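Asks: Can you look at this prediction? I've put the sequence above it.
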Amino acid sequence: MSANPNHLLVEDQDTCGAVIGLMRQHIGWPDSRDECPAFIEVRGSSGAVLNKKFLSVKMKESGLASLGLIVDADTDFLARWDTVKDVCRYLGSVPPEICPDDGLILDIGGKKLGVWIMPDNKSQGMLENFCHTLVPPEAKPLWEFARKCVEKAGTKKAPYNKEFHTDKAHIHTWLAWQDPPGERMGAAITKKILLRGSDSAQCFVCWFKTLFDI
């Protein structure tokens, strides 16, 4: 266990990078993992992040003050929220019936548990949809062109999963045309290719700072 009293569980490295890239623009974020505002652990999937038995043990760790969870809504936000509520009840709390737009934060036995469901705590989607909102206004014409190119590629039998991965294809196509091309989302935020000051970004930053008492 990290000595850091603040822990954050995420699904994948892209989410980890995006969180660091965004928060680094708003608060101090040193390179040393032990000195960061929160110790980030990549769990590999939403199921691993929301594993009830794992979280029950995690919440009992000595020295832990706040635990954050970030998961994608994917194709069914309500189903994901039902899972989150079930986890909260398992951990001994009573979650609200409706997910707060500004992210969930609960007190459980004197420790804080926070949950952010990508992209915005109310819609289906994922990290990539959150990053869609960070595209600068002046880049919207190129963004729309990237979307049309993805649609055109679909008609040319591009093998990406069109039901689940279209939003990913949109953002990565757009990023492929930036300078430098093909940055991962965290680096794109750090380099201000993606805006850090959008409403979505500000809401997430507020949730993060409130959860971890920054």
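Replies: Here it is on my side, so go on.
Asks: what about residue 70, which helix or strand?
Replies: Using DSSP states H and E, residue 70 sits within strand 66-72.
Asks: Following element in sequence after that strand, please.
Replies: helix 77-90.
Asks: about what we covered before: sheet partners, orientation included, of the strand holding residue 70?
Replies: strand 6-10 (parallel), strand 111-118 (parallel) (DSSP bridges).
Asks: what angle do that strand and helix 77-90 make?
Replies: 160 degrees (axes from the mean of the first three to the mean of the last three Cα atoms, to 10 degrees).
Asks: Give me the contact list for strand 66-72.
Replies: 5-11, 15, 19, 38, 46, 49-50, 55, 58-59, 80, 84, 111-118, 125-127, 208, 211-213 (Cβ atoms under 8 Å, 6 or more residues apart in numbering). (Each C-beta comes from the backbone N, C-alpha and C, glycine too.)
Asks: Need the buried ones from the residues you listed selected in ChimeraX.
Replies: Typed into ChimeraX, the next command selects the buried ones out of the contacts of strand 66-72 (criterion: 16 or more other Cβ atoms under 10 Å):
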select :5,6,7,8,9,10,11,15,19,38,46,49,50,55,58,59,80,84,111,112,113,114,115,116,117,118,125,126,127,208,211,212
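Asks: need the strands paired with strand 66-72 in TSV with distance to residue 134 and mean pLDDT, can you?
Replies: Shown next, in TSV, are the strands paired with strand 66-72 (distance: least, Cβ to Cβ, whole Å; pLDDT from 0 to 100):
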stretch	distance to residue 134	mean pLDDT
strand 6-10	17	97
strand 111-118	13	98
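Asks: Can I get those strands in TSV including distance to residue 23?
Replies: Shown next, in TSV, are the strands paired with strand 66-72 (distance: least, Cβ to Cβ, whole Å):
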stretch	distance to residue 23
strand 6-10	10
strand 111-118	12
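Asks: Select, out of these, the one closest to residue 76.
Replies: Across the strands paired with strand 66-72, the minimum distance to residue 76, taken as Cβ to Cβ, is reached by strand 111-118, at 11.1 Å.
Asks: outside of the very next helix or strand once past the closest one, which residues touch it?
Replies: Using DSSP H and E, the helix or strand that directly follows strand 111-118 along the chain is helix 127-132. Identification of contacts with helix 127-132 by Cβ under 8 Å, 6+ apart yields 14-15, 18, 72, 118-120, 123, 167-168, 170-172, 185, 188-189, 194, 200, 204.
Asks: now, which of the residues you listed lie within strands?
Replies: Among the contacts of helix 127-132, the ones falling in strands (DSSP state E) are 72, 118.
Asks: Just the ones in helices from the contacts of helix 127-132, please.
Replies: 14-15, 18, 167-168, 170-172, 185, 188-189, 200, 204 (DSSP state H).
Asks: Going by distance to residue 76, which of the residues you listed wins?
Replies: Nearest member of the ones in helices among the contacts of helix 127-132 to residue 76, counting by Cβ to Cβ, is residue 167, at 14.7 Å.
Asks: What's the local residue count around the closest residue to that closest one other than its chain neighbours?
Replies: Nearest residue to residue 167 in three dimensions, chain neighbours excluded: residue 128, at 4.7 Å (Cβ to Cβ, 6 or more residues apart in numbering). As a burial measure, residue 128 scores 21 neighbours (other Cβ atoms under 10 Å).
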